[in-house]
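**Student:** turn this into a structure:
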Amino acid sequence: MGLITFAAYGIDKRQAKAGGRRISEARLQGLALLGGWPGAWAGQRFFRHKTQKLAFRLIFWSIVALHITLVAGYLLMASR
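**Tutor:** As a prediction, this is how the structure comes out:
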């Protein structure tokens, strides 16, 4: 999922430069929510894309926090 999300960021950045059809922010966030957040983070850094919009960044980091919380909760439950 990370590779797919990374590619989506690259495609969206290329389309933004070319004035073409874009990938919606909701779709990019959805890919991150489905487990692609590491690819989204890498795509943001590598392509310098979606790094200036505060609202987008807040949603993205909320998704990351959710995933970390879920994994931590799972590990705590599994260790009992």
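**Student:** the helix or strand Ala65 falls within - contacts with which helices or strands?
**Tutor:** Counting by DSSP states H and E, the element that carries Ala65 is helix 54-78. Based on contacts counted as 3 or more C-beta pairs under 8 Å, 6 or more residues apart in numbering; DSSP states H and E, the elements that helix 54-78 packs against are helix 25-31, helix 37-47. The C-beta positions use only the backbone N, C-alpha and C, and glycine is treated the same way.
**Student:** what's the longest one packed up against?
**Tutor:** Secondary structure elements in contact with helix 37-47, counted by 3+ C-beta pairs under 8 Å, 6+ apart, are helix 2-18, helix 25-31, helix 54-78.
**Student:** which residues touch it?
**Tutor:** The contact list for helix 37-47, computed with C-beta atoms under 8 Å, 6 or more residues apart in numbering, reads 1-10, 13, 28, 31-32, 49-51, 60, 63-64, 67.
**Student:** mind redoing it with 10 Å?
**Tutor:** The contact list for helix 37-47 (C-beta atoms under 10 Å, 6 or more residues apart in numbering) reads 1-14, 16, 28-29, 31-33, 36, 49-51, 56-57, 60-61, 63-68.
**Student:** now do the buried residues in that helix.
**Tutor:** Within helix 37-47, the residues that count as buried by 16 or more other C-beta atoms under 10 Å are Trp37, Pro38, Gly39, Ala40, Trp41, Ala42, Gly43, Gln44, Phe47.
**Student:** which residue is the nearest non-sequential neighbour of Ala16?
**Tutor:** Leaving aside its chain neighbours, Ala16 sits nearest to Arg22 (6.3 Å; criterion: C-beta to C-beta, 6 or more residues apart in numbering).
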